[in-house]
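1. How does the following fold in three dimensions:
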Amino acid sequence: MPIPSALITLLLGMALVLAGLWVGYNVSMLPIDASSNAPVYDALFKVLFSIGTVLFLGIVGVLIFSLVRFRRRSGDSSDGAAIEGNLPLEIVWTAIPAVVVLFVGIYSYDIYERMGGMTPLNDHGSMHTSQPAGDHHHHGGAHGSKQAVLASSSSAPATAEDQEPGRVWAGIGANTDEEETLTVDVTAMQFAFIFHYPEGNIISGELHIPADRPVSLNMEARDVIHAFWVPQFRLKQDVIPGQPTLLSFTATRPGTYPIVCAELCGPYHGGMRSSVVVHEPADFDAWLSKNTPPVPATVASSGSTPTA
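-> Alright, predicted model coming up:
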């Protein structure tokens, strides 16, 4: 007795789904996860990878089957059968993609909200404005040219957005304790990221943060659109001139990870790279203490009243 085609189709569909799920949850194509956002993002990636695997195997399988089953035989010069109109098939291949796209859209929105993308950003404290570079402690001689550029750019006339420091235009926020949050001001320019620590009045060409402590990056672009991307954190945020942007996250794994500008920003875009160094809390405190400039000595005022 021949096996019904409907049963064969059902069994092949189940095999495709199982193969897609196995590949999606057992084959890793992502770098190491180093932030609290990473597991949330990775869950979405696994679902998308599973769906993509099912579609790839299904389409390639049908293509190979058609090439073999319906190939022209030797000596056969007749036309193929004129087959048209299959309403059930058209409904199926329209309904399935519609359901998949709707599911992915809703799930992606939920992931974005859980990562803090829907947090009202203006509820956060006022944005820190950059101080003149001459008042900061310059960390690391290798970044001297970057700091010189920052010094010249910080003297530019203030824009309307600079005069409204409490307005945040975009980004990812997190509901964290403001007292424990490490705030860092980030300036993106052609072709460098500059990091300013208000807590220690430090300027650095690389980002130093502690593990397991919330970090809030107050970001601004000086010239063109840039993008702050750390693959291991699963975070990428565009930074647009004139639009203060917030990016909040918590690093979970000590180490050094690349910071990449992921938005074409000019001829040297490919060289706009830096690093984020995630320290153990004690090591970060030591780094902060080591690079914080000493308080300038003040001249003691005389207690005596001058006489003529």
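2. Please count neighbours and contacts with C-alpha atoms only from this point.
-> Noted.
3. Next, count neighbours for P231.
-> 18 (other C-alpha atoms under 10 Å).
4. Local confidence estimate at the nearest residue to it once chain neighbours are set aside?
-> Excluding the flanking residues, the one nearest P231 by C-alpha to C-alpha, 6 or more residues apart in numbering is P31, at 7.0 Å. pLDDT, P31: 93.
5. Double-check that P31 belongs to a helix.
-> No - counting by DSSP: H, G, I helix; E, B strand; the rest coil, P31 falls outside a helix, being coil.
6. Quick check: phi and psi at it.
-> Dihedral pair for P31: phi -70, psi 180, per degrees, to the nearest 10.
7. P214 contacts F249, correct?
-> Yes - using C-alpha atoms under 8 Å, P214 is in contact with F249, at 5.9 Å.
8. what separates L21 from I51, distance-wise?
-> As judged by C-alpha to C-alpha, to the nearest Å, L21 and I51 stand 8 Å apart.
9. for G61, same thing?
-> Counting by C-alpha to C-alpha - G61 and I51 are separated by 15 Å.
10. again with V62
-> 17 Å.
11. neighbour count winner among these two?
-> For V62 versus I51, neighbours defined as other C-alpha under 10 Å are more numerous around I51 (19 against 11).
12. so which strand or helix has the nearest residue to the more buried one once chain neighbours are set aside?
-> Nearest residue to I51 in three dimensions, chain neighbours excluded: G20, at 6.6 Å (C-alpha to C-alpha, 6+ apart). Per DSSP states H and E: G20 is located in helix 5-26.
13. what's the neighbour count on S66?
-> If you count neighbours by other C-alpha under 10 Å, S66 ends up with 11.
14. Shouldn't it be within a strand?
-> No - S66 is assigned helix when assessed by three-state DSSP, not a strand.
15. mind checking how far it is from V60?
-> If you go by C-alpha to C-alpha, the gap between S66 and V60 works out to 10 Å.
16. go on, P88?
-> On the measure of C-alpha to C-alpha, P88 and V60 end up 22 Å apart.
17. check contacts around the closest residue to F49 other than its chain neighbours.
-> Spatial nearest neighbour of F49, chain neighbours left out: G24 (5.1 Å); criterion: C-alpha to C-alpha, 6+ apart. Counting by C-alpha atoms under 8 Å, 6 or more residues apart in numbering, G24 makes contact with K46, V47, L48, F49, S50, T53.
18. so T119 makes contact with G171?
-> No - judged on C-alpha under 8 Å, T119 makes no contact with G171 at a distance of 9.1 Å.
19. where does the stretch 101-250 of the chain have low pLDDT?
-> 120-166, 174-178 (pLDDT under 70).
20. rewinding a little: pull up the gap between the residue nearest to F49 and R234, please.
-> Counting by C-alpha to C-alpha, the gap from G24 to R234 is 18 Å.
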